[in-house]
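A.B. asks: okay, here's the prediction I keep looking at, along with the sequence it came from:
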Amino acid sequence: MRPSTENACDGMRTSGAADAGRDWAMDGAVNTGSVGQISGIGENAPRNGACGQEAVQAAGEVRMKPIARIHTDFPEKFGIPRQGLLRDLESRIVFEPAYRTEQAVRGIEGFSHLWLLWEFSENRDHPWSPMVKPPRLGGNRRIGVFATRAPFRPNPIGLTAVRLVRVDLSSAQAPVLIVAGADLMDGTPILDIKPYLPYADSIPDAAGGFAEPLVEKHLVVEFPAEWLEKFPADKREAAKEILREDPRPAYQSDPSRVYGVAFAGMDIHFTVRDGVLTVRDVVPYHRHPGHKTPPDRN
């Protein structure tokens, strides 16, 4: 446990500039350099002030460090379902050593849900695009990037609401936050954690834009028991739900093609024909050197 710094920052204020999409297509990508983008994420981000503030405004640039990393069952971006679809699938948030103190999470157990602000780390070096083609619209209609949750943003920041299951204070890496419902790739850097406040964050009559009126389409999944039983019992329903959501890229529909999606240490191989997804086999997952996956999905 690090030495106590409780109350060292009381009253201090700082100033400064202040669904999950699938297979996003970019339109008119723009590379504006580092100005206004998240940079310095890592060991060299400067520290400033008595409390070691990690966000620094200098020459129009904001620099940040991850405070934690989340560990999930998704080793690749491909196949991660949209937000809110796997509400009971648990993940672990492990703080970086500099922020690994019980004092930083004191009182957090009183909140049922949390907001995670995180980095699209695999899109860090991609140019941003002012127009994108949301997969929910079939990948054919262009929408402004700020009207979507596409990963190709000037600042590659994602936002996810999760349910706080418990705070693990017995782990060697304690405190560890056990959360449910995260739609993030394993190892995703967490930039900040904030409590979800129902009185401020819940807006029952809010409009959902282009995403609201769409009817969800689900595949019929044929998952033979011999393959399903390769997963632990508590992962089987999640595996089927991932497949029901059709993890294929929107631009691919070849019924003879065998697709693969990685989940919970296994690689699921499947085909899709006439709305029916058939699992062909399940093998241990091994990431191939140089393997590239489709863009992050927020």
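C.D. replies: Sure, I can see it.
A.B. asks: so where is the stretch 1-150 of the chain shaky, pLDDT-wise?
C.D. replies: Applying pLDDT under 70 to the stretch 1-150 of the chain flags residues 1-59, 83-84, 123, 136, 138-139.
A.B. asks: so which elements touch the helix or strand harbouring V282?
C.D. replies: Assigned by DSSP states H and E, V282 falls within strand 276-284. In terms of contact count using 3 or more C-beta pairs under 8 Å, 6 or more residues apart in numbering; DSSP states H and E, strand 276-284 is assigned the packing partners strand 220-222, helix 225-228, helix 236-244, strand 266-273. The C-beta positions use only the backbone N, C-alpha and C, and glycine is treated the same way.
A.B. asks: so which of these gets nearest V94?
C.D. replies: helix 236-244 (20.9 Å; C-beta to C-beta).
A.B. asks: buried ones in that closest one, by neighbour count?
C.D. replies: Using 16 or more other C-beta atoms under 10 Å as the test for burial, helix 236-244 gives R236, A238, A239, K240, E241, I242, L243, R244.
A.B. asks: mind putting the residues you listed into JSON lines with distance to P224 and pLDDT?
C.D. replies: Shown next, in JSON lines, are the buried residues of helix 236-244 (distance: C-beta to C-beta, whole Å; pLDDT from 0 to 100):
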{"residue": "R236", "distance to P224": "12", "pLDDT": "94"}
{"residue": "A238", "distance to P224": "17", "pLDDT": "92"}
{"residue": "A239", "distance to P224": "12", "pLDDT": "95"}
{"residue": "K240", "distance to P224": "12", "pLDDT": "94"}
{"residue": "E241", "distance to P224": "17", "pLDDT": "92"}
{"residue": "I242", "distance to P224": "16", "pLDDT": "92"}
{"residue": "L243", "distance to P224": "12", "pLDDT": "94"}
{"residue": "R244", "distance to P224": "16", "pLDDT": "92"}
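A.B. asks: ok, back up a step: got the angle between the strand holding V282 and strand 266-273?
C.D. replies: 160 degrees (axes from the mean of the first three to the mean of the last three C-alpha atoms, to 10 degrees).
A.B. asks: starting at the chain centroid, how far to strand 276-284?
C.D. replies: 25 Å (C-alpha atoms, centre = their mean, to the nearest Å).
A.B. asks: take that strand, keep the C-alpha atoms, and write them as PDB.
C.D. replies: As requested, the backbone C-alpha atoms of strand 276-284 are provided in PDB (Å, rounded to 0.1, in the frame of the first residue of the first chain):
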ATOM      1  CA  VAL A 276     -28.900 -19.300 -39.300                       C
ATOM      2  CA  LEU A 277     -25.400 -19.300 -37.700                       C
ATOM      3  CA  THR A 278     -23.900 -22.700 -37.300                       C
ATOM      4  CA  VAL A 279     -20.800 -23.300 -35.100                       C
ATOM      5  CA  ARG A 280     -18.400 -25.600 -36.900                       C
ATOM      6  CA  ASP A 281     -15.800 -26.000 -34.200                       C
ATOM      7  CA  VAL A 282     -14.200 -24.400 -31.100                       C
ATOM      8  CA  VAL A 283     -10.500 -24.400 -30.600                       C
ATOM      9  CA  PRO A 284      -8.100 -22.800 -28.100                       C
END
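A.B. asks: would you verify that Q103 is located in a strand?
C.D. replies: No - counting by DSSP: H, G, I helix; E, B strand; the rest coil, Q103 is not part of a strand but helix.
A.B. asks: distance of it relative to P175?
C.D. replies: 9 Å (C-beta to C-beta, to the nearest Å).
A.B. asks: give me the more crowded residue out of these two.
C.D. replies: P175 (21 against 12; other C-beta atoms under 10 Å).
A.B. asks: contact partners for that one?
C.D. replies: Counting by C-beta atoms under 8 Å, 6 or more residues apart in numbering, P175 touches F95, R100, T101, E102, A104, V105, V167, D168, L169.
A.B. asks: and those, which are buried?
C.D. replies: Buried among these by 16+ other C-beta under 10 Å: F95, R100, T101, V105, V167.
A.B. asks: doesn't L169 make contact with the fourth one?
C.D. replies: Which is V105. No - V105 lies out of contact with L169 (C-beta atoms under 8 Å); the separation is 9.1 Å.
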